[in-house]
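test case, fold it:
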Amino acid sequence: MANGFNVDVHTEDGYVVIQTAGYLNDPTGEALAEAAKEVMADGYNKIVIDLEKTRLINSIGISILIEIIELLEEQGGVLNFCNLTPVQDRIFKMMGLAQHAGIFPDQDSAIANL
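Numbers count the residues shown, from 1 in each chain. Model prediction:
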(Lines give C-alpha, C1' and ligand atoms only; values in the text may rest on other atoms or scores of the structure.)
Protein backbone atom coordinates (compact mmCIF):
# COMPACT_ATOMS: atom_id res chain seq x y z
CA MET A 1 0.00 0.00 0.00
CA ALA A 2 1.36 3.42 -0.96
CA ASN A 3 -0.25 6.74 -0.01
CA GLY A 4 -3.51 5.00 0.87
CA PHE A 5 -3.57 3.01 -2.37
CA ASN A 6 -4.27 -0.69 -2.37
CA VAL A 7 -4.23 -3.36 -5.08
CA ASP A 8 -6.05 -6.64 -4.46
CA VAL A 9 -5.52 -9.43 -6.99
CA HIS A 10 -8.03 -12.26 -7.27
CA THR A 11 -7.15 -15.08 -9.65
CA GLU A 12 -9.99 -17.17 -10.98
CA ASP A 13 -10.18 -19.97 -13.51
CA GLY A 14 -8.74 -18.33 -16.64
CA TYR A 15 -8.91 -14.67 -15.60
CA VAL A 16 -7.84 -12.18 -12.95
CA VAL A 17 -9.72 -9.39 -11.19
CA ILE A 18 -7.58 -6.54 -9.88
CA GLN A 19 -9.39 -4.24 -7.48
CA THR A 20 -7.85 -0.88 -6.71
CA ALA A 21 -8.55 1.54 -3.89
CA GLY A 22 -7.23 5.07 -3.58
CA TYR A 23 -5.73 7.75 -5.81
CA LEU A 24 -4.13 6.32 -8.97
CA ASN A 25 -1.00 8.36 -9.70
CA ASP A 26 2.69 7.69 -10.41
CA PRO A 27 3.84 5.53 -7.46
CA THR A 28 0.48 3.85 -6.99
CA GLY A 29 0.11 3.28 -10.73
CA GLU A 30 3.44 1.49 -10.67
CA ALA A 31 2.04 -0.85 -8.00
CA LEU A 32 -0.92 -1.59 -10.27
CA ALA A 33 1.33 -2.12 -13.30
CA GLU A 34 3.54 -4.48 -11.31
CA ALA A 35 0.53 -6.52 -10.18
CA ALA A 36 -0.69 -6.76 -13.80
CA LYS A 37 2.77 -7.78 -15.03
CA GLU A 38 3.01 -10.47 -12.36
CA VAL A 39 -0.28 -12.09 -13.34
CA MET A 40 0.65 -11.88 -17.03
CA ALA A 41 3.96 -13.60 -16.21
CA ASP A 42 1.89 -16.32 -14.52
CA GLY A 43 0.07 -16.89 -17.82
CA TYR A 44 -3.10 -14.85 -17.33
CA ASN A 45 -4.08 -12.65 -20.26
CA LYS A 46 -7.70 -11.87 -19.34
CA ILE A 47 -7.84 -9.13 -16.74
CA VAL A 48 -10.58 -7.02 -15.16
CA ILE A 49 -9.53 -3.85 -13.36
CA ASP A 50 -12.25 -2.78 -10.93
CA LEU A 51 -11.98 0.95 -10.17
CA GLU A 52 -14.95 1.16 -7.81
CA LYS A 53 -12.79 2.42 -4.93
CA THR A 54 -10.55 4.57 -7.10
CA ARG A 55 -12.23 7.92 -7.60
CA LEU A 56 -9.19 9.92 -8.82
CA ILE A 57 -6.77 9.07 -11.62
CA ASN A 58 -4.17 11.56 -12.79
CA SER A 59 -2.49 11.69 -16.22
CA ILE A 60 0.37 9.44 -15.14
CA GLY A 61 -2.16 6.93 -13.86
CA ILE A 62 -3.85 6.99 -17.28
CA SER A 63 -0.51 6.44 -19.02
CA ILE A 64 0.15 3.42 -16.79
CA LEU A 65 -3.26 2.00 -17.71
CA ILE A 66 -2.30 2.46 -21.37
CA GLU A 67 0.93 0.58 -20.70
CA ILE A 68 -1.06 -2.34 -19.25
CA ILE A 69 -3.33 -2.33 -22.32
CA GLU A 70 -0.31 -2.43 -24.64
CA LEU A 71 1.29 -5.31 -22.73
CA LEU A 72 -1.92 -7.32 -22.88
CA GLU A 73 -2.41 -6.59 -26.59
CA GLU A 74 1.10 -7.94 -27.24
CA GLN A 75 0.00 -11.20 -25.56
CA GLY A 76 -3.33 -11.33 -27.39
CA GLY A 77 -5.09 -10.65 -24.11
CA VAL A 78 -8.21 -8.80 -23.03
CA LEU A 79 -8.59 -6.00 -20.50
CA ASN A 80 -11.92 -4.79 -19.15
CA PHE A 81 -12.52 -1.96 -16.72
CA CYS A 82 -15.54 -1.71 -14.46
CA ASN A 83 -17.18 0.56 -11.90
CA LEU A 84 -15.85 3.79 -13.40
CA THR A 85 -17.23 7.13 -12.29
CA PRO A 86 -19.03 9.11 -15.03
CA VAL A 87 -15.98 11.41 -15.29
CA GLN A 88 -13.60 8.44 -15.61
CA ASP A 89 -15.87 6.93 -18.27
CA ARG A 90 -15.75 10.15 -20.34
CA ILE A 91 -11.97 10.48 -19.90
CA PHE A 92 -11.34 6.85 -20.89
CA LYS A 93 -13.43 7.35 -24.03
CA MET A 94 -11.82 10.70 -24.84
CA MET A 95 -8.29 9.32 -24.34
CA GLY A 96 -9.02 6.28 -26.53
CA LEU A 97 -8.76 3.64 -23.81
CA ALA A 98 -12.28 2.46 -24.66
CA GLN A 99 -11.06 1.51 -28.15
CA HIS A 100 -8.61 -1.00 -26.70
CA ALA A 101 -10.31 -2.15 -23.49
CA GLY A 102 -13.87 -2.84 -22.48
CA ILE A 103 -15.73 -0.57 -20.08
CA PHE A 104 -18.53 -2.13 -18.08
CA PRO A 105 -20.82 -0.91 -15.30
CA ASP A 106 -20.04 -3.75 -12.91
CA GLN A 107 -17.64 -6.59 -12.28
CA ASP A 108 -20.04 -9.35 -13.39
CA SER A 109 -20.54 -7.85 -16.85
CA ALA A 110 -16.81 -7.15 -17.20
CA ILE A 111 -16.04 -10.80 -16.42
CA ALA A 112 -18.79 -12.07 -18.72
CA ASN A 113 -17.23 -10.13 -21.62
CA LEU A 114 -13.65 -11.40 -21.31
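
can you give me the strands for this protein?
Taking DSSP state E as the test, the strands found in the chain are 6-11, 16-21, 46-53, 78-82, 102-104.

redo those as TSV? Include mean pLDDT, mean neighbour count and distance to residue 91.
Placement of C-beta: from N, CA and C, glycine included. Shown next, in TSV, are the strands of the chain (pLDDT from 0 to 100; neighbours: other CB atoms under 10 Å; distance: least, CB to CB, whole Å):
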stretch	mean pLDDT	mean neighbour count	distance to residue 91
strand 6-11	95	14	20
strand 16-21	96	20	16
strand 46-53	97	21	11
strand 78-82	98	21	11
strand 102-104	98	18	11
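
which residues of the chain fall in helices?
Using DSSP state H, the helices of the chain run over 26-41, 59-74, 86-95, 107-112.

what separates the closest residue in space to residue 15 that isn't next to it in sequence from residue 59, distance-wise?
Nearest residue to residue 15, sequence neighbours excluded (CB to CB, 6 or more residues apart in numbering): residue 46, at 4.0 Å. In this view, residue 46 and residue 59 are 27 Å apart by CB to CB, to the nearest Å.
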